[in-house]
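# Dropping a prediction and its sequence here:
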Amino acid sequence: MPYRYLLLLFTLLFTVTMQAQAEQYRQFGDYRIHYSAFKSDLVNPEIAKAHGLTRSRYRAIVNITVQKKDGDNGFIPVRAKIEGTARDIYSKVHRLEMEEIREGAVIYYLAELPIVDEQRLTFDIRVIPEGENNAHNLSFERQFFVN
């Protein structure tokens, strides 16, 4: 795997680990959906540039990955159609524009959105794994601090 891809993967994993709720996922039958949201200024500058991400303490990144159970071998990444929104306490809704990133066998979906200090957002995510008809819905909350 090329160096920059390993660096991106490491940076994203490190960033997610830095969050209080690092290893978050929901299980839907054979599917496991991992999710996180974090400030974009935590992303390595080289990685942000390579993927067109804006680093700012006033922007957040939502990261979604979908995995399917693979017998006794654990889980494998799968493609999915992912839609989502972020809603603040005033019910202002921001539609998430999810972008698929593929690096070797790794597949993840990223979306960026603006944030303000002490903002609490509720994320509503709808996932339809490739080849499936049923949607899996999950919601989670995050509060962001820009300082």
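Sure thing, it's come through. Numbering: from 1, shown residues only.
# Pull the contacting residues for the residue most central in space within the chain.
Taking CA atoms, centre = their mean, the centroid of the chain lies closest to Asn63, which sits 0.8 Å from it. Taking CB atoms under 8 Å, 6 or more residues apart in numbering, we find Asn63 in contact with 12, 16, 34-38, 108-110. In short, each C-beta sits where N, CA and C put it, glycine included.
# secondary structure class for it?
strand (DSSP: H, G, I helix; E, B strand; the rest coil).
# The residue lying closest to it once chain neighbours are set aside: helix or strand, and which one exactly?
Spatial nearest neighbour of Asn63, chain neighbours left out: Ser36 (4.8 Å); criterion: CB to CB, 6 or more residues apart in numbering. Using DSSP states H and E, Ser36 maps to strand 31-39.
# List the buried residues in that strand.
Using 16 or more other CB atoms under 10 Å as the test for burial, strand 31-39 gives 31-39.
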